[in-house]
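*Asks:* Next comes the sequence, and after it the predicted model I'd like to discuss.
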Amino acid sequence: MPWRWRCTCIERLRPEARLRAWGAALVVAQLAFFAVYGAGWERLQAPRKMDFHRVARDIAQNNTERRDIYVPSNVRYWAMARYLQGPGWGSLLAIQDPAKIDDSDTWRRIYEKLGDTWLQRLHLKGAARFIDTPHGRLWVGYSALPDEVVARGYYFVGDNKDRDKPQACPQGRETSRKSYEGVMVFECSNP
């Protein structure tokens, strides 16, 4: 006798209960499908790879005036510094915004608990907020840029969350924008 798949637990139910059980199983299967589909769609919308190499190359080619480059996020800053200055660009801990260390709540709490004395002893206090590269001065941090930087105009390197903002430049006004994989570059000028 050929093997036949049967769900004996549902077959033992009364006909009306059997219909409800099959309906519930179908709803659960549909929900699982849409959950997997939604997770896959979300991964496609938020790329994990960020094309910093291409961004740095384009800025280096187009920034003939050597205008400043503002990269507030530490991780993006490290990548841009690597491609604009080279692998020996400096210390991760020496170049940071002294007023707003990071946008991470965890690190902010750690720095508050350590206090100024221990930050200095552990060499965690930033010595500068920027480095000079052959392609322009590279700024980090979330506090405001100096007025002379804004007056000259600068490049702002953000991410895909900045794409939908009508005005992405934190200071000044946006004059152009370019999209890369996982990275946005905005040209900002004096208001």
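*Replies:* The structure has been received and is ready for your questions. Numbers count the residues shown, from 1 in each chain.
*Asks:* List the residues that contact the residue nearest the centre of the chain.
*Replies:* Of all residues in the chain, the one closest to the mean position by C-alpha atoms, centre = their mean is residue 159, 5.2 Å from it. When contacts are counted by C-beta atoms under 8 Å, 6 or more residues apart in numbering, residue 159 is found next to 50, 73, 76, 182-184. From N, CA and C alone the C-beta is placed, and that goes for glycine too.
*Asks:* May I see the residues you listed arranged in a markdown table, with distance to residue 149, secondary structure and pLDDT as well?
*Replies:* Rendered in a markdown table, the data for these read as follows (distance: C-beta to C-beta, whole Å; DSSP: H, G, I helix; E, B strand; the rest coil; pLDDT from 0 to 100):
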| residue | distance to residue 149 | secondary structure | pLDDT |
| --- | --- | --- | --- |
| 50 | 24 | coil | 82 |
| 73 | 18 | coil | 86 |
| 76 | 18 | helix | 88 |
| 182 | 25 | coil | 88 |
| 183 | 21 | strand | 90 |
| 184 | 19 | strand | 92 |
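*Asks:* so which of those is the most crowded?
*Replies:* Within the contacts of residue 159, neighbour counts (other C-beta atoms under 10 Å) peak at residue 183, which reaches 24 neighbours.
*Asks:* Report the beta-bridge partner residues of that one.
*Replies:* The residues listed as beta-bridge partners of residue 183 by DSSP bridges are residue 180.
*Asks:* quick one, what contacts it?
*Replies:* 50-52, 55, 76, 157-160.
*Asks:* again with residue 175
*Replies:* Applying C-beta under 8 Å, 6+ apart to residue 175 gives the contacts 153, 187-189.
*Asks:* for stretch 127-135, which positions count as buried?
*Replies:* 129-131, 133, 135 (16 or more other C-beta atoms under 10 Å).
*Asks:* how about the helices in this structure?
*Replies:* According to DSSP state H, the chain carries its helices in the segments 8-11, 15-45, 52-62, 74-84, 105-121, 147-152.
*Asks:* Kindly reformat those helices as CSV containing distance to residue 174.
*Replies:* Compiled in CSV, these are given as follows (distance: least, C-beta to C-beta, whole Å):
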stretch, distance to residue 174
helix 8-11, 61
helix 15-45, 23
helix 52-62, 16
helix 74-84, 18
helix 105-121, 29
helix 147-152, 13
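*Asks:* most packed of those?
*Replies:* helix 74-84 (a mean of 20; mean count of other C-beta atoms under 10 Å).
*Asks:* mind exporting that helix as CSV, just the C-alpha atoms?
*Replies:* Written as CSV, here are the backbone C-alpha positions of helix 74-84 (Å, rounded to 0.1, in the frame of the first residue of the first chain):
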residue,chain,number,x,y,z
ASN,A,74,32.9,57.9,14.3
VAL,A,75,32.7,54.8,12.2
ARG,A,76,32.2,56.7,8.9
TYR,A,77,34.9,59.1,9.9
TRP,A,78,37.4,56.3,10.4
ALA,A,79,36.6,54.9,7.0
MET,A,80,36.8,58.3,5.2
ALA,A,81,40.1,59.1,7.0
ARG,A,82,41.5,55.7,5.9
TYR,A,83,40.8,56.4,2.3
LEU,A,84,41.6,60.2,2.2
